[in-house]
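Asker: Provided below for reference: sequence and predicted model.
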Amino acid sequence: MKKSMTFRVLRWTILFSLLVLITVMWRLHSIMKLYPAIDAFCPFGTLESAWALVRYQSFLRRVGLSSMILLFSSIGTAVLFRRSFCGNICPLGFLQELFSLGGRRIFKRRFEFSRKLDRVLRFLKYGVLLTFLVLSWKTLTLAIRPYDPWVAYHHLGSGELFSDYLMGAIILVLSLLGSLVQDRPFCRYLCPMGAFLVIPSRIGMSRIIRNGNSCIDCNKCNAACPMGIDVAASDQVKSVECISCSECVNVCPVEDTLYYSAYSRKKFSPGLLLGATVLIFLTVLAVTTWTKQFVWKADSGLEKRAERLLWGPHKIKADNTLVDIVQVFQINPSYFVQEYALEKEEQFYMTLEELQIDPEDMEQRVNDLYEQAGLDPNRIYGGGSCSGH
């Protein structure tokens, strides 16, 4: 059991780190639009853009090459380890697991629909997938966006949450509250990305094997499975619902009774599956970031010292030049000629320190000019906004 807890801590640490990373990227985007919208980090956006890519050789708005890179990474891990993306990478799945952990402690048991009803309800996600792909291809928009709980999560605290993303917020709340009594309800019944990953996972090279000779029928594997799969009744877990989270394998009290196996029948550990999944994503992200295909932040075309000013006038420092301030804050150069009695054009390329201008004085002047114009200098590139789009 100690080994099981160690693996769970490791897996949850990875998932928590990814949740924090994506949340930080959303917050950076809300402050400055040089950082991409959260849709750029969602692989489903590429599927929604499929028709636009074929017809117009272009992604839909807010989606880019980064989304395609993540989609193909997800497909790659599905071919190797089935729906490992869902179990070991997806932050929304992790949020549901956190609520499930609380629910287990509060209610001491899990709610399950009858097998027949559960089987019917699981087909809903395929309907969601087909519906929003068709709508996106017809309208050339991210049609699922207003209904997406992940988008709603990234608009928490925004005035748009209860207007543009009300349905997404409702689905998010219901999914998390539902997780208190049932594991991963959104993943089971509504997630279109999970529905799509069923396709490559069908040829997945790995699967969980149950040794019936050593099984003691304790049913701990069934209780641990967040997707409600009847592991205890299977010689091989072939269900397309398996997300390769390894919960059943790690909770099994009898060694080598539940284990991962490739087509070669060679056993491998849950740690190898988790590590390989994460390594695939890290390697792809590292290579594509280095080759500038995966975009974490758009190039502003400004010098670093000038780009800093996009965060607002409070970033004005002694090493900034008047040209930096004119470029970023769009202030007429004649204003500085008059205010500082400038005589030569070269003075605009001198630093504030060289011109003996106090950066705090310059900050105040910029703020005053924007206030007189009824504008906010912190929102030139989206700064100060809590919106996520």
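Answerer: Good, I have the coordinates.

Asker: Do I have it right that Asp164 meets Pro146?
Answerer: Yes: using CB atoms under 8 Å, Asp164 is in contact with Pro146, at 6.1 Å. Placement of C-beta: from N, CA and C, glycine included.

Asker: who does the helix or strand harbouring Ala223 touch, helix- and strand-wise?
Answerer: Counting by DSSP states H and E, the element that carries Ala223 is helix 220-224. Contacts defined by 3 or more CB pairs under 8 Å, 6 or more residues apart in numbering; DSSP states H and E place helix 220-224 against helix 247-251.

Asker: So what touches the helix it packs on?
Answerer: Residues from elsewhere that reach helix 247-251 (CB atoms under 8 Å, 6 or more residues apart in numbering): 3-4, 7-8, 208, 220-226, 229, 231, 237, 258-260, 270.

Asker: now do stretch 71-79
Answerer: Stretch 71-79 is contacted from outside by 43-44, 46-47, 84-85, 89, 193, 197, 200-201, 203-205, 277, 280-281, 284-285, using CB under 8 Å, 6+ apart.

Asker: What residues sit buried inside that stretch?
Answerer: In terms of neighbour count (16 or more other CB atoms under 10 Å), stretch 71-79 has its buried residues at 71, 73-78.

Asker: Show only the entries of those found in strands.
Answerer: Among the buried residues of stretch 71-79, the subset assigned to strands under DSSP state E is empty.

Asker: hey, C-alpha coordinates of stretch 58-65 in PDB?
Answerer: What follows is stretch 58-65, C-alpha atoms only, in PDB (Å, rounded to 0.1, in the frame of the first residue of the first chain):
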ATOM      1  CA  SER A  58      -6.000  28.200 -41.400                       C
ATOM      2  CA  PHE A  59      -6.900  27.500 -37.800                       C
ATOM      3  CA  LEU A  60     -10.000  28.900 -36.200                       C
ATOM      4  CA  ARG A  61      -9.500  32.000 -34.100                       C
ATOM      5  CA  ARG A  62      -7.700  31.400 -30.800                       C
ATOM      6  CA  VAL A  63      -6.400  28.100 -32.000                       C
ATOM      7  CA  GLY A  64      -2.900  27.600 -33.400                       C
ATOM      8  CA  LEU A  65      -0.100  25.100 -34.100                       C
END
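
Asker: Now it: buried residues?
Answerer: Within stretch 58-65, the residues that count as buried by 16+ other CB under 10 Å are 59-60, 62-64.

Asker: where along the stretch 1-150 of the chain do the helices fall?
Answerer: Remark: helices assigned in the stretch 1-150 of the chain by DSSP state H, counting those that start in this stretch are 2-31, 44-48, 50-56, 65-81, 84-88, 91-107, 115-121, 124-139, 149-153.

Asker: JSON lines for the buried residues of stretch 71-79, including distance to Leu140?
Answerer: Shown next, in JSON lines, are the buried residues of stretch 71-79 (distance: CB to CB, whole Å):
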{"residue": "Leu71", "distance to Leu140": "18"}
{"residue": "Ser73", "distance to Leu140": "25"}
{"residue": "Ser74", "distance to Leu140": "23"}
{"residue": "Ile75", "distance to Leu140": "24"}
{"residue": "Gly76", "distance to Leu140": "28"}
{"residue": "Thr77", "distance to Leu140": "29"}
{"residue": "Ala78", "distance to Leu140": "27"}
